[in-house]
Structures are given as C-alpha cells and as structure tokens.
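Okay, sequence plus prediction incoming.
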Amino acid sequence: MTNRVIIFDTTLRDGEQAPGFSMTEAAKLRVARALAKLKVDVIEAGFAAASPGDARAIAAIAREIEGPVICSLARTTRGDIDEAWRALKHAPRRRLHLFIGTSPIHRDAKLHMSRAEVLTAIRDSIAYARDRFDDIEFSAEDAIRTEREYLVEALQAATDAGATTLNVPDTVGYTTPEEIQALFADLDRSINRRAHVLLSAHCHDDLGMAVANSLAAVRGGARQIECAINGIGERAGNCALEEVAMALKTRADLFQCEIGVDTTQLAMVSRTLAQVTNVSPPRNKAIVGANAFAHEAGIHQHGMLQDRNTYEIMKPEDIGLAVEGIVLGKHSGRHALVARARALGHVLEGERLDQAFAAFKALADEIGTIDSGQLVALLDTLGQNARQKPWKLSRIDIRSPVSASAMPIARVELDHGDRGRVCDLASAPGELDAVFAAVGQIMGVSARVDGLELHYLAAERLPGDMAQSASVLVEIILAIDGQLYQGRARGLDIIPCCVAAYIDAANNAAAVKSVPVAAPSAQAA
C-alpha cells in the first residue's frame, strides 16, 4: 500500500447538510473552484437524489471542474444510482459513493433489514453501478457501532462486488483514537482486497476527536480521509480538512505520509466558504482562525521577535497568509511596541518610549487590540506631528425607495479636523451600501468590504428596569489598494456603528499610507 493519503472533501455534501450552511448552486460552484485550486483529490459535490437543486449543482461542478474526482452520494437503490449517473456523466473523473447502515440500531430501527438483506443490497447495488462507474466507494454507515465480524463481512462483500474504496464512518463521533487505530489495523489484516482498494476514514466531531481519530486511522492503515473545510458538517461537524492536512505536513516525521493538497490555499478556501455561508470560523479555530498565528502576550512576543520558532510550529505562509503575527494589546510588552513602531517610521527610546508605552497601555485597556493605523495616530499625537487627522461621523440620513425598482439614497455628513464638515449623497441597492458609498466619496477611498462581524452586547438588566441597556460592537475589514485594514466601533444603533467602523478602517489605511517609506531605515541609521 502507498503512503499517499487521499484527501476526500465533503464540504459540499456532508458539510452543507449542517443547519445554517445550505448553499446555492452558484455558491457550491464557487467553493468547488476553490477546492480544485487547493488540489483535493476528491470533491463530494452533493447527493444527487436528495433534490433537483442538488443534482443541478453536481452536474454544473462535473461539467466545469477539472483535476479532482467528482463524487455523488447515493443509497443502495437503482433510483439513486441513476440520479448520480445523470449528474456525474460529464465529469472527466467521477465516483459513486454508495452507503447503507450496518450497525444493529440502523438495521433494526431505520432499515428494518436483516444482516443477510443488507449484504444482498450491497452486492446488488455495486453490481448494478459497475455498468457505469469504474470508481465506486462503499460506506458502512455507523461502522464503529457495527459488530466487528459483520463489518468485515460487509466490507469484504463490497470489495468482492467491485468497490474500490471501503469507507469506515464514525457516523456519530463515538470512537477514540486508540480504538479506531486498532480497528483499521484489524480491517487491514482481515479484508482480502486488491492493492489499489483503499480503506477510508470518515469521522464526526461529537466528542471533539474527529481530527485525532482520522489521524489515528491513518496510523492504523487508512489511506483516505474524508473531511470538510472549517470542519463543517452534521451536528458538531466533520474532521477539519485544514487541521488534518497541516497535521500530516507538520508531523511528517511521525505519520510518514504524503498528501497532494496545496496547503498555501487553505486560508483562501476557508475564507471563500465563510463568505458564501456567512459563517466565519471561531477566532481560536486551529489553522484558519483569526487568532491561529496571533501573539499578544509580552513574553511570547519577545520570543517571536528573536526567533519565530519559539512559539510557532508552522508559518502563516504555509496556509497562504502573509500576516503580522504580533498583535498589540493590553498584554503586549515594550519589545513588541518598539518593533512595530520602528516598522511604521518611529524610533522609541528613553523618555519617549516611556510616554508611548503608557499611552499605548491606556488605549489598549479601552479598545482592546490596536492595529497599525491606531498606533500611528497615537505616536503622531505624542510627537505633536498630527500627520493624518481622522474623519468622524456626524450624521446619516437614509431615504427609503417608494417602489421596488428604486434604490435607497444615503446622505452622510463627516467632520474633519482641517476640512470641517463635508456632506455627500450616494445610492446603492442596499441602505448600508449606499452609506458606505457616500463615505467613500467624501474620504476619497475606493474600498471593498471583505468581512464584517456584528456582536450584540447585552447589559445586565437591573431589578425593576423595563428597558435593557445594550450596545453593538462592529468589526470590519476593508480591502483598499490590495491591502486589508481593520476597523471597529461600538454604539447603540447598528447602521451608525457599521459606518463608524468603516470610517475607522479607512482612517487606519490613510494613517498607514502617510508613513514615509524611507523613515524606518533613515531613523534607524
């Protein structure tokens, strides 16, 4: 058996089945393009028999996407197999993924079938499918809770009938790493199969062990891992593709396996999925979370400034990120502040460093994380440089359309330290877009919203109070001239708060651009 591990992506099938992650045909095609760029081996594009829309999406992916094998799920029925064929027939490389429950609870409670009847369904469906598919995967649903001897019998029946991949799903996330490694080692020994027939793992995360279990399965003999971007999937989700891929790459010394995935595309694919589903991974999510390569603690930052290997086992560039890992916040120390200030054209030492550090800590206690634009403004104020005076929101008026064909019109007033109050109008299909357009016209900024997070911060209601004092925290990312800039704002109303965050990000961009390019080297010399 080869030491190449096949990466089977089920984001568009099992991932989409999770509540809140349903995708349109166009969205699925967009994610499929990103997966092809990632160079996954197999894309499970959907379940053709589930709905006409799913069948159309699979067919569109089959026609357009080149490189990965395109796969459709199907039950062990002729109707499902026929639907899968119609959806996949134009794919240059296609796979049928058949499944049936094999555990006692699935046989008795769901299928109402005996052991013998399930085996007959496996043999008959694969025999029927072989007229159209050379690549057939069989999954013994709920394999972990299936009697060991019967699981071997079912998988043997599948490979004897012509299945080329034998998938062993932990459908309910029940197993442990030690248990699944021993299971795969036993299956590897017990099933009589040709050299090209692979064992596959499909682990769910109900107990938080999907990635660990998948890696343990590899150590037991699995040579395909079924996973999803950002770990999305039924209930608690699937094995996260980005985590298992980076584990196999980072610990190649332990696993001694190769994968074909281009890991430098992981951040891009994760962001693409987040954009089409409007669900971003948690900040502390391994590999692709916003904090995955961020360092705020002063001790960590000091070590990172000396040698990145002190606190990073992999580089952000490995997943396609070019980020400044040092995050300035209330836990940061002087070393980090001096290094970031120098990069922005300011040399801090002596009394100036003491003043800057005290002001920095006070600002960090107030707003949390401090980005480059806010640091430039702080340092300029201390030096009485006032290189870039920021804009501030004064007023917003929105005129809603009378007819469905008309667009809302926004009138915005901004205040500036030198220019005074400036007003402009803009229209767009949405109210918020119209306001953003007016702000951009006033500030002379062409920006695209790359991400926006809104948090409702409920305050504690005092006994006897009918009203609840609450606020909104908005964090926004703007793409300006090919660079990303962050902004944040807090207020009582959503739209003004979103606009204030937009202005904050644009101000930060202007502050960073105002730094003379030659300043760092000239002052350092």
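Noted; the coordinates are in hand. Numbers count the residues shown, from 1 in each chain.

got a pLDDT number for the residue of the chain most remote from its centre?
Centroid-distance maximum for the chain: residue 351 at 44.2 Å, with Cα atoms, centre = their mean. pLDDT, residue 351: 80.

so which strand or helix has it?
helix 350-367 (DSSP states H and E).

Would you mark the buried spots in that helix?
353, 356-357, 360-361, 363-364 (16 or more other Cβ atoms under 10 Å). From N, CA and C alone the C-beta is placed, and that goes for glycine too.

related to what we said a few turns ago, how close does the residue farthest from the centre of the chain get to residue 357?
Distance of residue 351 to residue 357, given as Cβ to Cβ, to the nearest Å: 11 Å.

Report the buried residues of stretch 73-92.
For stretch 73-92, by 16+ other Cβ under 10 Å, it's 73-77, 80-85, 87-88, 91.

scratch that, stretch 101-116 is what I was asking about
101-103, 106-107, 111, 113.

Low-confidence regions, this protein specifically.
Residues of the chain meeting the criterion pLDDT under 70: 1-2, 290-312, 322-329, 340-341, 343-347, 366-368, 370-377, 380-389, 458-470, 514-525.

C-alpha coordinates for the longest helix along it, PDB please?
Ranked by number of residues, the top helix in the chain under DSSP state H is helix 494-513. Taking Å, rounded to 0.1, in the frame of the first residue of the first chain, the C-alpha atoms of helix 494-513 are listed here in PDB:
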ATOM      1  CA  ILE A 494     -26.400  49.000  14.100                       C
ATOM      2  CA  ILE A 495     -26.100  51.200  10.900                       C
ATOM      3  CA  PRO A 496     -24.300  54.100  12.500                       C
ATOM      4  CA  CYS A 497     -22.000  51.700  14.300                       C
ATOM      5  CA  CYS A 498     -21.200  49.900  11.000                       C
ATOM      6  CA  VAL A 499     -20.500  53.200   9.300                       C
ATOM      7  CA  ALA A 500     -18.200  54.300  12.200                       C
ATOM      8  CA  ALA A 501     -16.300  51.000  11.900                       C
ATOM      9  CA  TYR A 502     -16.000  51.600   8.100                       C
ATOM     10  CA  ILE A 503     -14.600  55.100   8.700                       C
ATOM     11  CA  ASP A 504     -12.200  53.800  11.400                       C
ATOM     12  CA  ALA A 505     -10.800  51.200   8.900                       C
ATOM     13  CA  ALA A 506     -10.400  53.900   6.200                       C
ATOM     14  CA  ASN A 507      -8.700  56.200   8.700                       C
ATOM     15  CA  ASN A 508      -6.300  53.400   9.600                       C
ATOM     16  CA  ALA A 509      -5.500  52.900   5.900                       C
ATOM     17  CA  ALA A 510      -4.800  56.600   5.500                       C
ATOM     18  CA  ALA A 511      -2.600  56.700   8.600                       C
ATOM     19  CA  VAL A 512      -0.500  53.800   7.500                       C
ATOM     20  CA  LYS A 513      -0.100  55.200   4.000                       C
END
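
tell me the angle that helix makes with helix 350-367.
Helix 494-513 runs at 160 degrees relative to helix 350-367, counting by axes from the mean of the first three to the mean of the last three Cα atoms, to 10 degrees.

chain center to helix 494-513, what's the gap?
25 Å (Cα atoms, centre = their mean, to the nearest Å).

and what of stretch 34-42?
15 Å.

Could you give me the buried positions within that stretch?
34-36, 38, 40-42.

List the residues that contact residue 436.
428, 447, 449, 499, 502 (Cβ atoms under 8 Å, 6 or more residues apart in numbering).

let's go with 10 Å and repeat that
If a contact means Cβ atoms under 10 Å, 6 or more residues apart in numbering, then residue 436 has 410, 412, 426, 428, 430, 445, 447-449, 476, 478, 498-499, 502-503, 506 as its contacts.

does residue 100 sit in a helix or strand, and which one?
Going by DSSP H and E, residue 100 is in strand 94-101.

Shouldn't residue 193 be within a strand?
No - secondary structure of residue 193 (DSSP: H, G, I helix; E, B strand; the rest coil): coil, not part of a strand.

What residue, apart from its backbone neighbours, is nearest it spatially?
residue 159 (4.6 Å; Cβ to Cβ, 6 or more residues apart in numbering).

same thing with residue 17?
residue 234 is the one closest to residue 17 (Cβ to Cβ, 6+ apart), at 5.5 Å.

The one you found in helix, strand or coil?
Reduced to three states by three-state DSSP, residue 234 is coil.

Nearest to residue 321 among the buried residues of stretch 34-42?
residue 38 (14.6 Å; Cβ to Cβ).

thought residue 103 was touching residue 168?
No - look at residue 103 against residue 168 with Cβ atoms under 10 Å: they stay out of range, at 11.9 Å.

that older thread, tabulate the buried residues of stretch 73-92 in CSV, adding columns for distance to residue 16.
Formatted as CSV, the buried residues of stretch 73-92 follow (distance: Cβ to Cβ, whole Å):
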residue, distance to residue 16
73, 11
74, 16
75, 18
76, 22
77, 22
80, 18
81, 21
82, 22
83, 17
84, 16
85, 21
87, 15
88, 17
91, 19
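
Can you lay out the residues you listed as TSV showing distance to residue 513 and secondary structure?
Listed next are the buried residues of stretch 73-92 as TSV, based on distance: Cβ to Cβ, whole Å; DSSP: H, G, I helix; E, B strand; the rest coil:
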residue	distance to residue 513	secondary structure
73	50	strand
74	55	strand
75	58	strand
76	61	coil
77	62	coil
80	57	helix
81	59	helix
82	59	helix
83	55	helix
84	53	helix
85	56	helix
87	50	helix
88	50	helix
91	47	coil
